[in-house]
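Colleague: Following is a predicted model, sequence given first.
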Amino acid sequence: MKTLALDLGDRWVGSAISDALGITCRPYKTADAKDLYSFIEEVIQEEDIEQIIVGCPQTFSDTQSDQTKKIILQKEDLEKKFSNIKWTLWDERLSSKRAEGLQGLMGKKQKDKQTKVDSHSIAAAFILQTYLDKLAFDR
């Protein structure tokens, strides 16, 4: 079973995909937010996705911000559109900050811009890997 993670943003959507065993993951692609439905449809078909994890921004006081509420509504809308997929919200605290830091380090080592991994997809990979690690720990 492959799992896709989404880091939903107003302009960009980062994604990451797990291996078939659900042990590891890798950054996948970054899509324009306006193309989200077609992007998800394409990835589900190409990668045989059975589950989608959506990064949900939580505050440090565990309250819902306006962005949190927006992501929850967006996830519910996606869940209706793609009802054959299992959907899960997952805490994404600091994933974007970690991704930006990692991309900055990678950017200094990589000279070819085409080999750079986008920070949105790196954030999605952090989200997905924490989810996969939790599953492994619970087994």
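Modeller: That came in fine, so what should we check first? Residues are numbered from 1 along each chain as shown.

Colleague: which residues sit in contact with the residue lying closest to residue 32 once chain neighbours are set aside?
Modeller: Nearest residue to residue 32, sequence neighbours excluded (C-beta to C-beta, 6 or more residues apart in numbering): residue 12, at 6.8 Å. Any C-beta I mention is one placed from the backbone N, CA and C, and that applies to glycine too. Neighbouring residues of residue 12 by C-beta atoms under 8 Å, 6 or more residues apart in numbering: 30, 31, 32, 33, 118, 120.

Colleague: Could you pull up phi and psi at residue 12?
Modeller: phi -130, psi 150 (degrees, to the nearest 10).

Colleague: Please tell me how far it sits from residue 36.
Modeller: 10 Å (C-beta to C-beta, to the nearest Å).

Colleague: so who does residue 26 touch?
Modeller: 16, 17, 125.

Colleague: Please identify the buried residues of the helix or strand containing it?
Modeller: Element membership for residue 26, per DSSP states H and E: strand 25-32. Burial within strand 25-32, assessed by neighbour count using 16 or more other C-beta atoms under 10 Å, is assigned to 25, 27, 28, 29, 30, 31.
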